[in-house]
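Novice: Dropping a prediction and its sequence here:
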Amino acid sequence: MDNLELQLTGMAHGGKAVGRYKGKAVFVPYGIAGERIRAQIEQDKGRFAEASIVEILESSDARTQPRCLHFGICGGCHWQHIAYNAQLEFKRQIVQDQLVRIGRFKDVPVNPTLPSPDPWYYRSHISLHTTEAGEPGFVAANSSSVIPIHECHIIRPELLEMLQNLPPLKPREQLRLQVGSLTSSDARVHYKIKDRTFQVTVGSFFQVNLAQAEVLVSLVLEKLALQGSEHVLDLYSGVGLFTAFLAERARRVTAIESSPGAVRDAKENLSAWKHVEILEGKAEVVLRHQRFDAVVTDPPRTGMKLKVLTALSKCLPPKIVYVSCDPATFARDARHLAENGYLLVEVQPVDMFPQTYHIELVGTLVRA
């Protein structure tokens, strides 16, 4: 297909700019809303198309020089070409768009995205792959091949030093680099959040941006506004990040987590609290047998399973604070809760992942 001229009108969930050609949505990586480009259609999917930039005819004021020599080849970053303030606003717009398109919410306030204190050098752990030659790297942007990495501007300096001084590796290996206080010989690290230390078994989930993890904790506590008499449920509780701070403010806390390793860490992290119950298993079972004054839920990117949502709705907690790393699955789940008696009153995006399209958010729902 010949090149076509395209006006980019927005940023889509997934990080690509989007325009329309003959009524069809065209998605363009490394474009920016507001730009006029000459594009080449790479794949026509019928209802939409994927294109690449041939020439930028009118550049956005938000376009900036990427910092990393691997940008555009490595799949780790998507938005280094966009000024940081513009990244924050695009993330807010994407959250709003997903709420309208998927959740069918018309008037829910979406606050300005809370910026990361440093939009660079924030990741505390990474997963690496090795090339056929045994070189460490990341998966490429447009294929499953591994790109050798010689620099990275979103990982902590300690990680970069570890990366650059790795011993010889075997081809097609996977490894994880993690920074923290290593105080035991059994592959556990310790992170400090708001002056509280958390033990994390290597491989267990923990937020990569520690400064913004503190912001998340503060937001959850602010939205819950606990008075001290509540029984609070922490769903998908992991190693107990939220549970620890809930325990300081609630009469009783029940934490539910399905990962055995995370449960072991949580029991260690929360051992001082006698009014905290940590359960390993399925949330829908616990929800059938107990009542809660408030719920915090922080599910994986896929969101909450339908049977968990159904059980949660029937449990009738007055307030739900939903922490999500995917605005699309959040919008879907919030719609289900709205159809079962809840009002979505506010959404607060948090930038946990600068230079990427990934978005964290905190949504507050109350029983209508």
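Specialist: Good, I have the coordinates.
Novice: how much space between Gly19 and Ile102?
Specialist: Here Gly19 is placed at a distance of 21 Å from Ile102 (CB to CB, to the nearest Å). Using the backbone N, CA and C atoms, a C-beta is placed for each residue, glycine as well.
Novice: Show me how the protein divides into domains.
Specialist: 4-63, 85-118+194-198+205-367, 125-179 (automatic domain parsing).
Novice: looking at those, which is buried most?
Specialist: Per residue and on average, the most neighbours among these fall to domain 85-118+194-198+205-367, with a mean of 19 (mean count of other CB atoms under 10 Å).
Novice: Now the terminal residues of that domain, how far apart.
Specialist: 35 Å (CA to CA, to the nearest Å).
Novice: Low-confidence ranges, the stretch 201-350 of the chain, go.
Specialist: 203 (pLDDT under 70).
Novice: can you map out the strands along it?
Specialist: Remark: strands assigned in the stretch 201-350 of the chain by DSSP state E, counting those that start in this stretch are 231-235, 252-257, 276-280, 294-297, 319-324, 342-350.
Novice: hang on, His150 packs against Cys68?
Specialist: No: here His150 does not reach Cys68: they are 9.7 Å apart, not a contact under CB atoms under 8 Å.
Novice: Contact partners for the residue nearest to Pro109 when sequence neighbours are not counted?
Specialist: Nearest non-adjacent residue to Pro109, counting by CB to CB, 6 or more residues apart in numbering: Glu346, 5.3 Å away. Counting by CB atoms under 8 Å, 6 or more residues apart in numbering, Glu346 touches 108-109, 111, 223, 363-364.
Novice: Need the max-distance pair from those.
Specialist: Val108 and Lys223 (14.1 Å; CB to CB).
Novice: Pick out the residue closest to the middle of this structure.
Specialist: Centroid-nearest residue in the chain, with CA atoms, centre = their mean: Cys325, separated by 3.1 Å.
Novice: Could I get the contacting residues of that residue?
Specialist: Neighbouring residues of Cys325 by CB under 8 Å, 6+ apart: 300-301, 352, 358-360.
Novice: What distance do you get for it to Ala62?
Specialist: Taken as CB to CB, the span from Cys325 to Ala62 is 24 Å.
Novice: got it, and Ser258?
Specialist: 41 Å.
Novice: from the chain's centre, how far out does the lengthiest strand in the chain sit?
Specialist: Criterion DSSP state E: the longest strand present in the chain is strand 48-58. On the basis of CA atoms, centre = their mean, to the nearest Å, strand 48-58 sits 28 Å off its chain's mean C-alpha point.
Novice: Counting by contacts, list what it packs against.
Specialist: Counting contacts by 3 or more CB pairs under 8 Å, 6 or more residues apart in numbering; DSSP states H and E, strand 48-58 packs against strand 4-11, strand 24-28, strand 36-44.
Novice: Show me what the helix ranked longest in the chain packs onto, helices and strands only.
Specialist: Secondary structure of the chain per DSSP state H: the longest helix is helix 84-101. Using 3+ CB pairs under 8 Å, 6+ apart as the contact test, the elements touching helix 84-101 are strand 4-11, helix 327-338, strand 342-350.
Novice: got the angle for the shortest one vs strand 48-58?
Specialist: Which is strand 4-11. 100 degrees (axes from the mean of the first three to the mean of the last three CA atoms, to 10 degrees).
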